[in-house]
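Trainee: Predicted model and sequence follow; I will ask about them next.
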Amino acid sequence: MGNFEVRLLSIAVLVGFIPAAAPAQPAGDEMVLVQSGQERFYMSRHEVTVEQMKAFDPDYHPAYTYFDDARMPATAITFTQAKAYCEAQGKRLPTSEEWVVACGGLEGTAYAYGNNYDPNQARVGRKNWTDGPKAVMNYEKNRAGLYDMSGNVWEWVDDGGGEGGMQKVYGGSWTDGPRLTRCGSARRAKVDLKSLNYGFRCVRSLTEVDRIRLARAAAEARRKVQARVRREAARRKAAVKAAEAARKAKIEAKAKTAREAELAEEQARAAEAARIAAAFARKVEGMLKIETSAFKTFYIDPHEVSVEAYRAFKPTYRPDEFSIGPRMPATGITHEQAREYCGSLGKRLPTSEEWVAACLGETGDIYSYGKRYDPTRARTGLAWSAGAGEVAGGAPNVYGAQDMVGNVWEWVDGWYGNNRELRAIFGGSWLDDEKRAKCTGADWARPDDRRSDVGFRCAVGAD
């Protein structure tokens, strides 16, 4: 690769050189100005997209249908195709030195986003090829204003050489990790290779017109800075003179104002604290306060949300055949609908840990009502046709919570497993037995499921 001096990088603003007001590139051209040593050039803000490639070559199609999106980077592009595209735009491919300097920035960082590998700041470290790249400009740009320099897709550079030879690609792709996605990591490839994770971006050398325009902009910026400095100096001098003349009067006025402001602030804080306390008291009215040694204090509904209560929130709600009465648990509710209901009251769904803690009680009764399974104290072990019972029909636990076990499963704000696709439900329903209808009896449902045996209750944090 060569020993490049990855040190001097600037976009539009170089102290005393290129002013902040100077346009980095004529309007409509998505390029930014980059400085490498004494040389400057323009580089495309992002990788060439599918939309741009199709406009150049109508016969171009991405290798996979998933990649066929206007803002996805154009992939499976040979070096020859990339070079032809850039030349058709009056541009060219970057050299290795230009690419590395543009990636690492003024500080010469290891990655476009910094010195420490972070898969959350770039499309990198994916285990599957089919995950594919992200649309361009999906992650934060680097300090040069360039997107996806680390990861997403490898990018062709042009270090010279005849057709049929080898060229390099830089930056790594969505399947690569910390070693290959560094700014200085390169891979050699044949110029006619069409790789699924190879793309490119273009650069353009400065023209004489660019240099004149930037020089004029720099001179104008310096003139404005100097004028601003003079105005600021005059303003400060006048302010000091006025402040000295009125110093004694201001000290007295300031002390009085400070006392009044402090008193007003104290009153405002007290009023706000009282308002917050009253609002919180209204919010948790009728809820159960749960205090355990393992969790922060929180509040939870004493029973499942009823059809009557949910219909007050959503008048169009129609309960299913097992929940016809107003005091029956509201079922056939998706996870998001349950969250919306709780949110409308300033509440939320309980977390998995909170639900289990509220169910177990201080004595850790695995069946909420006790340590031994008892179908007479909760609606469990019945046939499907029996259906749920009215809310608050089961025996209360030590906190006063009813139907934590049995009647209907309850949504919580938690995932089942590690794939974050299935939502956890707890407590069992009327048709579950001692193995499932217990405080630790977790199961799953899809977030958009509308089940006759799944309801919910709300919670509120103490803070």
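Mentor: Cool, got the structure.

Trainee: Residue 174: neighbour count?
Mentor: 22 (other Cβ atoms under 10 Å). C-beta: built from backbone N, CA, C; applies to glycine.

Trainee: Settle this for me: it is touching residue 124, isn't it.
Mentor: Yes - counting by Cβ atoms under 8 Å, residue 174 touches residue 124, with 6.5 Å between them.

Trainee: Find the residues that touch each one of these two.
Mentor: Common contact partners of residue 174 and residue 124 (Cβ atoms under 8 Å, 6 or more residues apart in numbering): residue 151.

Trainee: So what's the gap between stretch 456-463 and the chain middle?
Mentor: Relative to its parent chain, stretch 456-463 has a centroid offset of 25 Å by Cα atoms, centre = their mean, to the nearest Å.

Trainee: Please apply the same query to stretch 126-142.
Mentor: So, by Cα atoms, centre = their mean, the centroid of stretch 126-142 is 14 Å from its chain's centroid.

Trainee: now do stretch 185-196
Mentor: That offset, for stretch 185-196, works out to 32 Å (Cα atoms, centre = their mean).

Trainee: Ends of it, what's the gap?
Mentor: This stretch, stretch 185-196, spans 18 Å end to end (Cα to Cα, to the nearest Å).

Trainee: what does that stretch rub up against?
Mentor: 1, 63-64, 75-80, 96, 129, 154, 157, 163-172, 179-180, 198.

Trainee: Just these: which are in strands?
Mentor: Taking DSSP state E, the ones among the contacts of stretch 185-196 that sit in strands are 154, 166-170, 198.

Trainee: now the helices: where do they sit in the stretch 251-400 of the chain?
Mentor: 307-313, 335-344, 352-360 (DSSP state H, counting those that start in this stretch).

Trainee: now for the shortest one, which elements pack on it?
Mentor: For helix 307-313, the helices and strands in contact under the criterion 3 or more Cβ pairs under 8 Å, 6 or more residues apart in numbering; DSSP states H and E are helix 335-344.

Trainee: elements contacting the helix it packs on?
Mentor: Helix 335-344 packs on helix 307-313, strand 409-415, going by 3+ Cβ pairs under 8 Å, 6+ apart.

Trainee: Go again with 7 Å.
Mentor: helix 307-313 (3 or more Cβ pairs under 7 Å, 6 or more residues apart in numbering; DSSP states H and E).

Trainee: Could you list the low-pLDDT ranges of the stretch 151-300 of the chain?
Mentor: 162-164, 294-295 (pLDDT under 70).

Trainee: Averaged pLDDT, stretch 451-459. What do you get?
Mentor: Average pLDDT, stretch 451-459: 96.

Trainee: picking that back up, mind putting the helices of the stretch 251-400 of the chain into TSV with distance to residue 194, mean pLDDT and mean neighbour count?
Mentor: Converted to TSV, the helices of the stretch 251-400 of the chain look like this (distance: least, Cβ to Cβ, whole Å; pLDDT from 0 to 100; neighbours: other Cβ atoms under 10 Å):
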stretch	distance to residue 194	mean pLDDT	mean neighbour count
helix 307-313	56	97	17
helix 335-344	43	97	18
helix 352-360	48	94	22
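
Trainee: Show me the one of those helices that comes nearest residue 47.
Mentor: For the helices of the stretch 251-400 of the chain, distance to residue 47 was read as Cβ to Cβ. The smallest value, 35.3 Å, belongs to helix 335-344.

Trainee: ok and that closest one relative to strand 409-415, angle-wise?
Mentor: Relative orientation of helix 335-344 versus strand 409-415 (axes from the mean of the first three to the mean of the last three Cα atoms, to 10 degrees): 90 degrees.

Trainee: Only alpha carbons, please: show helix 335-344 as PDB.
Mentor: Output of helix 335-344 as PDB, limited to C-alpha atoms (Å, rounded to 0.1, in the frame of the first residue of the first chain):
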ATOM      1  CA  HIS A 335     -48.500  -6.000  22.100                       C
ATOM      2  CA  GLU A 336     -48.400  -2.500  20.600                       C
ATOM      3  CA  GLN A 337     -52.100  -1.900  21.300                       C
ATOM      4  CA  ALA A 338     -51.500  -2.900  25.000                       C
ATOM      5  CA  ARG A 339     -48.500  -0.400  25.100                       C
ATOM      6  CA  GLU A 340     -50.700   2.300  23.600                       C
ATOM      7  CA  TYR A 341     -53.400   1.800  26.200                       C
ATOM      8  CA  CYS A 342     -51.000   2.000  29.100                       C
ATOM      9  CA  GLY A 343     -49.200   5.000  27.500                       C
ATOM     10  CA  SER A 344     -52.500   6.800  27.200                       C
END
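
Trainee: what does that helix contact?
Mentor: 305, 310, 313, 348-349, 411, 423, 447, 456, 458 (Cβ atoms under 7 Å, 6 or more residues apart in numbering).

Trainee: And for residue 324, the neighbour number?
Mentor: 11.

Trainee: Now do the same contact list for the residue nearest to it when sequence neighbours are not counted.
Mentor: Leaving aside its chain neighbours, residue 324 sits nearest to residue 307 (7.8 Å; criterion: Cβ to Cβ, 6 or more residues apart in numbering). By Cβ under 7 Å, 6+ apart, the residues touching residue 307 are 319, 323, 325-326, 328, 330.

Trainee: which of those count as buried?
Mentor: 319, 323, 328, 330 (16 or more other Cβ atoms under 10 Å).

Trainee: what secondary structure does residue 219 sit in?
Mentor: Under DSSP: H, G, I helix; E, B strand; the rest coil, the three-state class of residue 219 is helix.

Trainee: before we move on, back to that, the helices of the stretch 251-400 of the chain: which one's closest to residue 217?
Mentor: Using Cβ to Cβ, the nearest of these to residue 217 is helix 335-344, at 50.9 Å.

Trainee: Using CSV, lay out the buried ones among the contacts of residue 307 together with pLDDT and distance to residue 248.
Mentor: Formatted as CSV, these follow (pLDDT from 0 to 100; distance: Cβ to Cβ, whole Å):
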residue, pLDDT, distance to residue 248
319, 90, 76
323, 85, 77
328, 96, 77
330, 97, 70
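
Trainee: from those residues, which ones fall inside strands?
Mentor: Among the buried ones among the contacts of residue 307, no member falls in strands (DSSP E).
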